[in-house]
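1. Build me a model:
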Amino acid sequence: MLPPEGCRVVALMNQKGGVGKTTTAVNLGAALARTGLRTLLIDLDPQAHATLHLGVDPRTLDGSVYDALLDTTLDPAPLVHRVAEHLFLLPSVTDLAAAETELATVPDRQRRMSATIGRLAPAYDAILIDCPPSLGLLTINALAAAHEVLVPMQAHFLALQGVSKLLETVKAIGASVNPRLRVLGVVLCMHDANTTHTQEVVADLDAFFEQHRGTASPWADARVFRPPVRRNIKLAECPSFGQTVFEYAPGAAGAADYLAVAQAIVRAWRESAERTGSPQPEVRVVATHAAPTATERAD
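-> The predicted structure is shown next:
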């Protein structure tokens, strides 16, 4: 069951840990919500860091994405938590680590997430999937369900090599499981623009994507999103308080950067819609400096 064209489903993935993937998933989701888009964050990582980041304690949950994956007849809507205005979470638990083993012999094991998203997508404008930092069955489920892949990364040489392998993975999944899968682009995290090495890595990324513009590759329309997300201690602190950066430090550089990246992604979606003629969600409100909505949860 595929989601409607009006809802963008984006898998955030990087096989290297510690690059800002979950920080990006949470704060980019919050930024999209602040533009008025009804945004669902799916925590597909057994570490449940996105769940904890949004102030939801996995130990108190009656159900999670783990239950939805194991039982596709289950209505996933009651498992979703409303964490802020326009921002929702399908949480994770550590039991999710067992899902790969439990689903190993199931015929449709690669498409369990697709079934769940197919039920949830009509209620949302954007769905972000925070993938585990490994290419296992959970990540393959995310790539099978997604329209696009977004790669959070640091502008380091080894990270650049990792992105090359990641893109080949996306190509392989597209060829075998999900032919509609495309690479949306790269978000630069923990960025320091003043070093020559960083500048060279970003230039290499720009040149790589430009070289493939207009080709048949899944990253033909990909880009490095600007601005980069600057290194900002507030982004590291806010998970301890169960808040996004917009709640914890709305005036911080991290808040400004993630909101600008969200706006750049929405522009990319509009450009894509103009090329393909597919309907896209309308951005209703753009918040640039208003105080964040108080966190509100509802089971």
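
2. Let's verify Ile42: helix, strand, or coil?
-> strand (DSSP: H, G, I helix; E, B strand; the rest coil).

3. ok, it to Val80 distance?
-> Distance of Ile42 to Val80, computed by CB to CB, to the nearest Å: 9 Å. Bear in mind the C-beta positions are built from the backbone N, C-alpha and C, glycine included.

4. Kindly report the same for Ala104.
-> 27 Å.

5. quick one, which of the two is more surrounded?
-> Neighbours around Ala104 and Val80, counted as other CB atoms under 10 Å, are more numerous at Val80. The numbers are 22 against 9.

6. from what I can see that one touches Arg119, true?
-> No. Judged on CB atoms under 8 Å, Val80 makes no contact with Arg119 at a distance of 10.6 Å.

7. looking at this structure, which residue ends up farthest from its center?
-> Distance from the C-alpha centroid of the chain, by CA atoms, centre = their mean, peaks at Thr196 (28.9 Å).

8. For Ala98, grab the count of nearby residues.
-> Using other CB under 10 Å, the number of residues around Ala98 comes to 12.

9. mind checking pLDDT for it?
-> Note on Ala98: pLDDT of 94.

10. Likewise for the one 5 residues further on?
-> Here the pLDDT value assigned to Leu103 is 94.

11. same for the longest helix along the chain, what does it pack against?
-> For the chain, the longest helix by residue count, based on DSSP state H, is helix 253-276. On a contact count with 3 or more CB pairs under 8 Å, 6 or more residues apart in numbering; DSSP states H and E, helix 253-276 meets helix 21-34, strand 182-188, strand 223-225, helix 233-237, helix 245-248.

12. winner for burial among those?
-> helix 21-34 (a mean of 28; mean count of other CB atoms under 10 Å).

13. how many degrees apart are that one and strand 182-188 in direction?
-> Going by axes from the mean of the first three to the mean of the last three CA atoms, to 10 degrees, helix 21-34 is angled at 100 degrees with respect to strand 182-188.

14. what distance separates helix 21-34 from the centre of its chain?
-> Distance, stretch centre to chain centre, for helix 21-34: 8 Å (CA atoms, centre = their mean, to the nearest Å).

15. packing partners for that helix?
-> Applying 3+ CB pairs under 8 Å, 6+ apart, one finds that helix 21-34 makes contact with strand 8-12, strand 39-43, helix 49-53, strand 87-90, strand 126-130, strand 148-153, helix 245-248, helix 253-276.

16. Right, I'll leave it there.
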